[in-house]
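S.K.: got a predicted structure plus its sequence, pasted below:
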Amino acid sequence: MGKKIYLSPSNQNGNLYAGGNTNEMLQCNRIASALEIKLTAAGFTVKKAPQGQAMTTTIAESNSWGADLHLCIHTNAFNGSYTGGTMCMVYSNSGDNNKAAKAMLDNLAPITPGSDYAIQTRPELRELCDTSCTALYTEVEFHDTA
């Protein structure tokens, strides 16, 4: 059995996109569903949180399942002017946290527009501090809400 990866797509359905009559929750679930297929094909064991599931339930599910990596998938809202780039946040910028964040940035940066951000340490984020495995909170790209 391969490493266990828990996918936690955004549940923020009120975080609207400027175009396309959509929101962060819907788009991040689409990303997570596509990623689940690719990761499974690559030999990983994958579990995806159901669309709209509460964060506390997602954290508990990831922990009880015994994930090796908890991957939060979000897009970052910005109102009014273009910005872009991928942002990866970790509980601490060391060991497996840094390794996972660096791998994510190295693979997403070439295919996302805009300048990417350095890995940020955000120990106050619940999905980083309350999960029992390596956790990575990724703002895959920015979206405009204006």
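M.R.: Perfect, thanks for sending it.
S.K.: quick one, what contacts residue 28?
M.R.: Residue 28 makes contact with 9-10, 73-75, 140, according to C-beta atoms under 8 Å, 6 or more residues apart in numbering. In short, each C-beta sits where N, CA and C put it, glycine included.
S.K.: helices - which of the residues you listed land there?
M.R.: Nothing among the contacts of residue 28 maps onto helices, per DSSP state H.
S.K.: would you reformat those as JSON lines and include neighbour count?
M.R.: Shown next, in JSON lines, are the contacts of residue 28 (neighbours: other C-beta atoms under 10 Å):
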{"residue": "9", "neighbour count": "28"}
{"residue": "10", "neighbour count": "25"}
{"residue": "73", "neighbour count": "23"}
{"residue": "74", "neighbour count": "24"}
{"residue": "75", "neighbour count": "21"}
{"residue": "140", "neighbour count": "21"}
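S.K.: of those, which belong to strands?
M.R.: Among those, the ones falling in strands (DSSP state E) are 9, 73-75, 140.
S.K.: dump those into JSON lines; add distance to residue 96 as well.
M.R.: Shown next, in JSON lines, are the ones in strands among the contacts of residue 28 (distance: C-beta to C-beta, whole Å):
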{"residue": "9", "distance to residue 96": "22"}
{"residue": "73", "distance to residue 96": "18"}
{"residue": "74", "distance to residue 96": "20"}
{"residue": "75", "distance to residue 96": "24"}
{"residue": "140", "distance to residue 96": "20"}
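S.K.: please consider this matter closed, and thank you.
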